[in-house]
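K.L.:
quick one, what's the 3D model for this:
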Amino acid sequence: MAFVDAFLEILGMIQLLGPVWVSFLLGIMVGWAWKPRWATLGNCKFDFSTPSSPSSALVPPPINNGFDSASSSDSCKVGTASDASSVMDNGLEKEQKVIPSIDKAACSASKLGKEDEPIITNKDLEYLCHLVERKDGGPPWKHVMDRSAHNMSYQAWQRDPEGGPPQYCSRTVYEDATPELLRDFFWDDEFRLKWDNMVAHASIVEECPITGTMVVHWIRKFPFFCSDREYIIGRRIWESGRSYYCVTTGVPCSSIPRRDKPLRVDLHYSSWFIQAVESMKGTGQLSACEVILFHYEDMGIPGEIVKFGARQGMWGAVKNVERGFRAYQKHRASGAPLSHHAFMAQINTKLDPDYLKILEGDEISSETQLIASADEKPKGGKIPKLLIIGGAIAIACSLDRGLLTKTLIFGVARKFANMGGRASCPRNS
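P.N.:
All right, here's what the predicted structure looks like:
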């Protein structure tokens, strides 16, 4: 979720514009209140419908297939297993683990789920494997960032699939870290509330003590001029040695009614692959950890605004995650009791090595290309562009008049910003 934190961070910067921001917003509010009748676009909203998992196809799915809240499948469904030592389909073997005395009916007879309809399946694993191996059949990845700090290095790529929101891929290497601790850290919502100030609420809706599958409910805070966002997330972890495939994706859930506020984000995908790697310190030891993250979601905000916010706030958000992880290391080293979320993170599905080789060698498409970032554009007109785009972000987020209205607002703002940028660029002699 670092990309969302980056976007929210840049939104928060708009609040620092002071009197200019207040005057701009008041002018817009007065202008909108006195708008002519033709300016009203009506209350009609687009209906986007998407499957509850991106793995319905092994290529990145069209994002305009968002969830249908009225669908008959709008319920939480948790995967089941008859025995912890049984062998799953496709060569997946469950981890044999002693677990607390939790009734297995929580998995097989849940009031929210059905045995034959698990929420996170092997197809979700296949989709993540193809993303990691760059064989998902999607458009090329454009390199957008390469930064490093004392105990961390970070690289990020971005691409624009047809008909969907921007997609992001990142590779973070943490020094002096273990795959198991990072796995627990990303799953531990109880500790997340201590370091991630963008998360206002996190709770468990349903869980399966056999597979480790969970359904969680998040509310993420947005700046005052935006509605907060609500997430219903299904998640599960597969283990291969000391490497972990962690899948989290938006799922439908009828037990939590949909409300006007906070706005529910139906299309959400954030999954990562964790493995030990050699330290950048040149010791030859596998004392560092690599996290490859894939993230995209439809927050109901135009993609250009999302990309602008993510680009400006990305590095700050990544550093905040790293600070949270180092705090988590100290927390666990102090002997603090294991949280329930972290305990659930340790219930994984073991992968058969032969099956994993098949997934990694699956040639459903040619390898997805990586493209170097283009040269930066001239920085002339940076302040006017920030004011114009910042105002557009505020308007688009605060007006609940559908995606078309928000897109039009941002489109006009971008034209003005581009005009200002061109006017400030010196002509070649």
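
K.L.:
pLDDT score assigned to I210?
P.N.:
Looking at I210, its pLDDT is 94.

K.L.:
any figure for the gap between it and E239?
P.N.:
The span separating I210 from E239 equals 15 Å under the rule CB to CB, to the nearest Å. Every C-beta, even on glycine, is put in place using the N, C-alpha and C of the backbone.

K.L.:
of the two, which one has the most company?
P.N.:
More crowded of I210 and E239, by other CB atoms under 10 Å: I210, with 25 against 20.

K.L.:
in a helix, that one, correct?
P.N.:
No - judged by DSSP: H, G, I helix; E, B strand; the rest coil, I210 forms no part of a helix; its state is coil.

K.L.:
that one and H217, how far apart?
P.N.:
Applying CB to CB, the value for I210 to H217 is 21 Å.

K.L.:
go on, V321?
P.N.:
Using CB to CB, V321 is found at 21 Å from H217.

K.L.:
for V291, same thing?
P.N.:
In this view, V291 and H217 are 24 Å apart by CB to CB.

K.L.:
neighbour count for the two, which is higher?
P.N.:
Taking other CB under 10 Å, V291 and H217 do not tie; V291 has more neighbours (24 against 18).

K.L.:
please name every helix or strand in contact with the host helix or strand of that one.
P.N.:
Element membership of V291, judged by DSSP states H and E, is strand 288-297. Judged by 3 or more CB pairs under 8 Å, 6 or more residues apart in numbering; DSSP states H and E, strand 288-297 is in contact with helix 2-13, helix 122-132, strand 167-175, helix 179-187, strand 268-277.

K.L.:
save these as TSV, and put in mean neighbour count and distance to P252 too.
P.N.:
Below are those laid out as TSV (neighbours: other CB atoms under 10 Å; distance: least, CB to CB, whole Å):
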stretch	mean neighbour count	distance to P252
helix 2-13	23	20
helix 122-132	22	15
strand 167-175	21	22
helix 179-187	22	22
strand 268-277	22	12
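
K.L.:
need the least confident one among these, by mean pLDDT.
P.N.:
helix 2-13 (a mean of 51).

K.L.:
residue ranges with poor pLDDT in the chain?
P.N.:
1-117, 361-366, 373-429 (pLDDT under 70).

K.L.:
hmm, 90 instead?
P.N.:
By pLDDT under 90, the low-scoring segments of the chain are 1-118, 135, 137, 163, 222-227, 280-284, 300-313, 352-429.

K.L.:
mind listing the strands for it?
P.N.:
Counting by DSSP state E, the chain has strands at residues 92-94, 141-149, 152-159, 167-175, 199-207, 214-220, 229-240, 243-250, 263-264, 268-277, 288-297, 349-351, 370-371.

K.L.:
possible to save those strands as TSV with distance to G316?
P.N.:
Formatted as TSV, the strands of the chain follow (distance: least, CB to CB, whole Å):
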stretch	distance to G316
strand 92-94	39
strand 141-149	11
strand 152-159	11
strand 167-175	14
strand 199-207	17
strand 214-220	17
strand 229-240	20
strand 243-250	23
strand 263-264	24
strand 268-277	19
strand 288-297	16
strand 349-351	35
strand 370-371	24
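
K.L.:
what's the closest of these to N122?
P.N.:
Across the strands of the chain, the minimum distance to N122, taken as CB to CB, is reached by strand 92-94, at 6.4 Å.

K.L.:
what pairs with V199 across the strands?
P.N.:
R220 (DSSP bridges).

K.L.:
tell me which residues touch the closest residue to A342 other than its chain neighbours, please.
P.N.:
Excluding the flanking residues, the one nearest A342 by CB to CB, 6 or more residues apart in numbering is D184, at 4.3 Å. Listed by CB atoms under 8 Å, 6 or more residues apart in numbering, the contact set of D184 reads Y328, R332, A342, A345, Q346.

K.L.:
now these in a markdown table, with distance to H201?
P.N.:
Converted to a markdown table, the contacts of D184 look like this (distance: CB to CB, whole Å):
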| residue | distance to H201 |
| --- | --- |
| Y328 | 20 |
| R332 | 24 |
| A342 | 19 |
| A345 | 20 |
| Q346 | 24 |
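
K.L.:
so which of those sit within helices?
P.N.:
If you go by DSSP state H, those have Y328, R332, A342, A345 in helices.

K.L.:
and the gap between the first one and G250?
P.N.:
Separation of Y328 from G250 (CB to CB) stands at 25 Å.

K.L.:
with the third one instead?
P.N.:
Computed as CB to CB, the A342 to G250 distance reads 23 Å.

K.L.:
between these two, which is the more surrounded one?
P.N.:
Higher neighbour count among A342 and G250: G250, with 24 against 20, using other CB under 10 Å.

K.L.:
leaving out chain neighbours, which residue sits closest to the more buried one?
P.N.:
Spatially, and ignoring its direct neighbours in sequence, G250 is nearest to H268 (3.7 Å; CB to CB, 6+ apart).

K.L.:
what does E175 give?
P.N.:
N151 (4.2 Å).

K.L.:
cool, and K307?
P.N.:
Closest residue to K307 apart from its sequence neighbours, by CB to CB, 6+ apart: P166 at 5.2 Å.

K.L.:
residues near that neighbour, how many?
P.N.:
For P166, the neighbour count with other CB under 10 Å is 18.

K.L.:
quick one: contacts for it?
P.N.:
By CB under 8 Å, 6+ apart, the contact list for P166 reads Q158, R159, D160, Y296, G303, V306, K307, A310.

K.L.:
the residue nearest to L128 when sequence neighbours are not counted bridge partners, please.
P.N.:
Spatial nearest neighbour of L128, chain neighbours left out: S271 (4.9 Å); criterion: CB to CB, 6+ apart. Beta-bridge partners recorded for S271 (DSSP bridges): F294.

K.L.:
V215 too?
P.N.:
The partner list for V215 in beta bridges (DSSP bridges) reads E206, G234.

K.L.:
ok, the contacts of P166 vs E278, which is closest?
P.N.:
Q158 (27.2 Å).
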